[in-house]
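Student: fold the stuff below for me.
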Amino acid sequence: MPVVHAVESEIVKGPLPAGAAMLQVKNLHFAYQNGHPALQGVSFSVFSGEKVALVGPNGAGKSTLMLHLIGILQGEGELLVAGMPVVKENLPTIRARVGMVFQNPDDQLFSPTVFDDVAFGPLHMGLSEAEVRRRVAVALEQVGMSGYGERLSYQLSMGQKKRVSIATVLAMEPEILVLDEPTAGLDPRSRRALITLLQELPLTMLVSTHDMHLVRELFARMIIMDEGRCVADSPTRLLLEDSALLEAHGLERPA
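Tutor: Model prediction:
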């Protein structure tokens with residue numbers, strides 16, 4: 001059964017202290033127009049400073065859940081980011097706090113140059129030119145892409161595109177990173193570089209992935225989803241020892 005942490009739902013202004021609930025999902029339900037239930041009573045919390053893996057077979061509801069975190073989809077239940085309900089009037093603030101990185105970087109990179117892509121969010125926050133340039137420089141340095149600002153995004157390798165995609169959300173100075181299949185499509189060198197990057201970033205993370213080696217290496221806690229439900233939420237080392245549980249939900253124990 002999933003572990004549900006009960007926390008008061010007051011709105012919190014400014015960065016949360018370590019150990020506070022950054023993300024709270026309470027009894028979330030969602031069905032698509034064809035009636036298919038994609039989420040069926042999902043409940044869990046992610047605390048400030050945690051890095052949590054979200055795993056499960058295709059169709060488990062992981063991507064649907066992530067789209068709820070920034071208000072692209074809206075189901076029934078309660079969803080809070082830093083104590084703030086995910087509702088229409090709060091979305092600008094929530095989308096600044098939650099940095100969503102999609103699986104395909106081409107869905108996120110649409111400007112002529114790397115600089116333009118990374119600057120897009122800060123520019124639309126109404127920041128000064130000097131502050132935008134500072135944020136772009138810091139974000140590119142964080143992902144190891146300093147000096148790439150004038151490069152054309154479409155000419156980058158897949159690994160470089162993934163890094164720039166992360167930089168586009170880091171420039172917004174979010175408090176939680178949400179990533180969908182970050183290592184998908186990467187060669188071994190790019191995959192290793194990305195894992196190192198995620199290890200070093202001092203941010204709360206919720207990462208959906210099929211890469212069980214990544215899960216074992218990077219995440220102390222793992223949530224298993226299947227058929228729209230959270231079926232397990234425990235320390236990764238314990239869940240990876242339960243071969244029967246993994247097999248029942250379409251997962252393989254990393255060798």
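Student: which parts of the protein are helices?
Tutor: Secondary structure of the chain (DSSP state H): helices at 62-69, 91-97, 114-124, 129-142, 158-170, 188-200, 212-218, 236-240, 243-248.
Student: let me have these in TSV, extended by mean pLDDT, mean neighbour count and distance to Gly83.
Tutor: To be clear about C-beta, it is placed using only N, CA and C from the backbone, and glycine gets the same treatment. Shown next, in TSV, are the helices of the chain (pLDDT from 0 to 100; neighbours: other C-beta atoms under 10 Å; distance: least, C-beta to C-beta, whole Å):
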stretch	mean pLDDT	mean neighbour count	distance to Gly83
helix 62-69	94	22	14
helix 91-97	90	17	11
helix 114-124	94	21	23
helix 129-142	96	17	25
helix 158-170	94	23	21
helix 188-200	91	15	25
helix 212-218	94	18	27
helix 236-240	96	16	27
helix 243-248	95	13	32
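Student: now the ones you listed as CSV including distance to Pro254?
Tutor: Formatted as CSV, the helices of the chain follow (distance: least, C-beta to C-beta, whole Å):
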stretch, distance to Pro254
helix 62-69, 18
helix 91-97, 32
helix 114-124, 33
helix 129-142, 28
helix 158-170, 21
helix 188-200, 13
helix 212-218, 4
helix 236-240, 7
helix 243-248, 10
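Student: run a quick neighbour tally on the nearest residue to Gly250 once chain neighbours are set aside.
Tutor: In this structure, Gly250 finds its nearest non-sequential neighbour in Pro57, 3.4 Å apart by C-beta to C-beta, 6 or more residues apart in numbering. Counted with other C-beta atoms under 10 Å, residues neighbouring Pro57 total 14.
Student: now Pro57: phi and psi?
Tutor: The phi/psi pair for Pro57 (degrees, to the nearest 10) reads phi -70, psi 170.
Student: next, count neighbours for Ser208.
Tutor: That count, for Ser208 with other C-beta under 10 Å as the rule, works out to 21.
Student: okay, and the beta partners of the residue nearest the centre of the chain?
Tutor: Centroid-nearest residue in the chain, with C-alpha atoms, centre = their mean: Val178, separated by 0.9 Å. Counting by DSSP bridges, Val178 is bridged to Met100, Leu206.
Student: residues in contact with it?
Tutor: Met66, Leu69, Ile70, Val98, Gly99, Met100, Val101, Met205, Leu206, Val207 (C-beta atoms under 8 Å, 6 or more residues apart in numbering).
Student: the residue nearest to Gly250 contacts Ile224, correct?
Tutor: No - in this structure Pro57 lies outside contact range of Ile224 using C-beta atoms under 8 Å: 9.6 Å.
Student: nothing else from me, thank you.
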